[in-house]
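>>> sequence and predicted structure are below.
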Amino acid sequence: MRKILFVASEVYPLIKTGGLADVSGSLPIALHALGQDIRILMPAYADVSEALGPLPSRRIHQINGAIDIFETVLPGSAVPVWLIGHEGTFDRPGNPYLAPNGKPWPDNDVRFALLCRVGVEIAMNRVGLRWSPDIVHCNDWQTGLIPALLEDEPTRPATVFTIHNLAYQGLFPSDSFRKLALPHRFWNYESLEFYEQLSFIKGGLVYADRISTVSPNYATEIQGEAFGCGMANLLKKRSDRLSGIINGIDDEAWNPAIDPLIPAKFDAANLAGKAVDKAALQQQLGLRQDEEVALIALVGRTVQQKGIDLVLDIMPKLMEMPVQLAILGSGEKKYEQTLKQWSQLYPDRIALTVGYDEPLAHLIEAGADIFLMPSRFEPCGLNQMYSQRYGTPPVVHGVGGLADTVEDANPQNLSMGLGSGVVFHEASASELLRAVKRALVLFEDPELWKKIQQVAMSKDFSWRQSAIKYLDVYELALNDRHGGLARSRMASLS
């Protein structure tokens, strides 16, 4: 059993803005189920207290009379959660990173430096909690200073840093470096400086014993210029410490055989309920009742990264085909507005729901025939896994985790009993259109389509598989740490 301090800026169901929260709310539970002593550390945002509801939490320590540490448990689990409370820092309602005007809070550098400093103190067992971790698992830029600051500690634990999306790096003006009173030696391009800015994420990339990211393919992609976001050379240098581990999904919450949010249950052996769910989805969204038409779904952010502009580019051609569209998401207003215009032109064929609706998301996954996910880049992605679980083969751009989780239903793969969706390899409208047409050809062959559905539904995307791989990374980090200690002792004796 290992003692693991898991540090994250958001954890589902306490607070969520993206996939980081899903991982932080699921991976610790899976690790706990494998017998690990894991504790989550996160800020005590105003909305977290509301999310906890009647669940008891108690103050277990106070640092310098101003920083509170509260203890509770992650809802639906036995995993302890430590919440950092500090008046005026984290106790703001709404988005944890953005002010009401939609821009980052101007003091995000101070806020998340505080998270990191408290993380260091807990890691070093200096706050009276009487618990000392073997591993500190840091997640995304908000925790990036922890591995850097722990470098000054001779008896520090091993560190693992997970990149959930390299595009978000925690960049701040050089004045932030001085304001945070960070050690002067960190201000160079081999440490935390990035083109005259302070980079929180470099703290993790440079100093962590091991680095992980959320799919094997993304781990390769970020070492190249196209997806490296300015960090490609650094990640190449540390490639021997870099692993890619696919995120898991909650295979109980996303299971069509037991899902309470869909009217008809089904599984790979008996797909009859899927037709019932399709009819229910069409009725709820005001789409024409037609069991023969291909119902295509999109669930996610309506932003360029997700390829929504490519979908809009092919919309005239789609409307010439026997298809319906069910779209759920929000993002850039220009895309939302254009989608709204299309839905008004074809009200019985295009249904747009702006925002996020969990029950509707489940019904879409269950009732749709084909799922679109043409992301320009996708570190891991979850919806393509949900879709396969629900027998809704996805059409995906072959990048990141999409390439790792969807096998193209080409003749060779189909002959080997593989093929769980349609994969295209160029982020262009023409290639997306070609992929959709190929999916429709497959859909028109009921027996072949059923085989593709069953291949997709047979996959194991559970968190247990991913958690076991993280345990391997932890052991590597501990070996690296102990090896480093041995080398430093030998150097001091020579």
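Sure, I can see it. Numbers count the residues shown, from 1 in each chain.
>>> and after the helix or strand of the chain with the lowest mean pLDDT, which helix or strand comes next?
Here the helix or strand of the chain ranked lowest by mean pLDDT, DSSP states H and E is strand 58-63, holding a mean of 74. With elements assigned by DSSP states H and E, the helix or strand that comes after strand 58-63 is strand 67-73.
>>> for that next one, the averaged confidence score.
For strand 67-73, the mean pLDDT works out to 92.
>>> ok, stretch 412-430 next?
For stretch 412-430, the mean confidence score works out to 97.
>>> can you check stretch 93-105 too?
Mean predicted lDDT for stretch 93-105 stands at 92.
>>> quick check, residue 198 in a helix?
No - counting by DSSP: H, G, I helix; E, B strand; the rest coil, residue 198 is located in no helix; its state is strand.
>>> I'd guessed it sits against residue 169; true?
No - if you go by C-beta atoms under 8 Å, residue 198 and residue 169 don't touch, sitting 10.2 Å apart. For every residue, glycine as well, the C-beta is placed using N, CA and C.
>>> higher neighbour count, these two?
Neighbours were counted for residue 198 and for residue 169 using other C-beta atoms under 10 Å; residue 198 has more, 26 against 21.
>>> for residue 476, see how far away residue 1 is.
Residue 1 is 17 Å from residue 476, where distance means C-beta to C-beta, to the nearest Å.
>>> tell me which of those two has more neighbours.
residue 476 (17 against 9).
>>> contacting residues around that one?
The contact partners of residue 476, by C-beta atoms under 8 Å, 6 or more residues apart in numbering, come to 209-210, 243.
>>> list the buried residues of the least confident helix or strand of the chain.
For strand 58-63, the neighbour count (16 or more other C-beta atoms under 10 Å) marks 60, 63 as buried.
>>> Three-state assignment for residue 430, please.
Secondary structure, three-state DSSP: residue 430 is helix.
>>> burial measure for it, as a count.
13.
>>> what's around residue 77, how many residues?
16.
>>> surely it touches residue 32?
Yes - counting by C-beta under 8 Å, residue 32 is a contact partner of residue 77 at 6.8 Å.
>>> by neighbours, which of the contacts of residue 476 wins?
So for the contacts of residue 476 (other C-beta under 10 Å), the most neighbours sit at residue 210, 28 neighbours.
>>> now do residue 462 against residue 108, distance only.
Distance from residue 462 to residue 108, by C-beta to C-beta: 34 Å.
>>> ends of stretch 438-447, how far apart?
End-to-end distance of stretch 438-447: 16 Å, with C-alpha to C-alpha, to the nearest Å as the criterion.
>>> one step back: neighbour count for residue 462 and residue 108, which is higher?
Set side by side, residue 462 and residue 108 show more neighbours around residue 108, with 20 against 15, by other C-beta under 10 Å.
>>> quick check: the gap between the more buried one and residue 386.
Residue 108 is 31 Å from residue 386, by C-beta to C-beta.
>>> now do the helices in the stretch 151-300 of the chain.
174-179, 200-207, 216-221, 232-237, 272-285 (DSSP state H, counting those that start in this stretch).
>>> elements contacting the longest one?
Using 3 or more C-beta pairs under 8 Å, 6 or more residues apart in numbering; DSSP states H and E as the contact definition, the elements that helix 272-285 packs against are strand 294-299, strand 323-329, helix 358-367.
>>> same deal with the second one?
Of the remaining helices and strands, those touching helix 200-207 by 3+ C-beta pairs under 8 Å, 6+ apart are helix 108-123, helix 145-150, strand 158-163, helix 232-237.
>>> for the third one, same thing?
Using 3+ C-beta pairs under 8 Å, 6+ apart as the contact criterion, the elements in contact with helix 216-221 are strand 242-244, helix 400-405.
>>> as TSV, these with mean pLDDT would be great.
Below are the helices and strands packed on helix 216-221 laid out as TSV (pLDDT from 0 to 100):
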stretch	mean pLDDT
strand 242-244	98
helix 400-405	98
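>>> those: which one's closest to residue 141?
strand 242-244 (16.6 Å; C-beta to C-beta).
>>> pairing partners for that closest one, with directions?
strand 210-213 (parallel) (DSSP bridges).
>>> quick check: buried residues in stretch 138-153?
For stretch 138-153, by 16+ other C-beta under 10 Å, it's 138-151.
>>> likewise stretch 106-115?
Within stretch 106-115, the residues that qualify as buried are 108-109, 111-115, counting by 16+ other C-beta under 10 Å.
>>> kindly report the same for stretch 200-219.
Buried residues in stretch 200-219, counted by 16+ other C-beta under 10 Å: 200-219.
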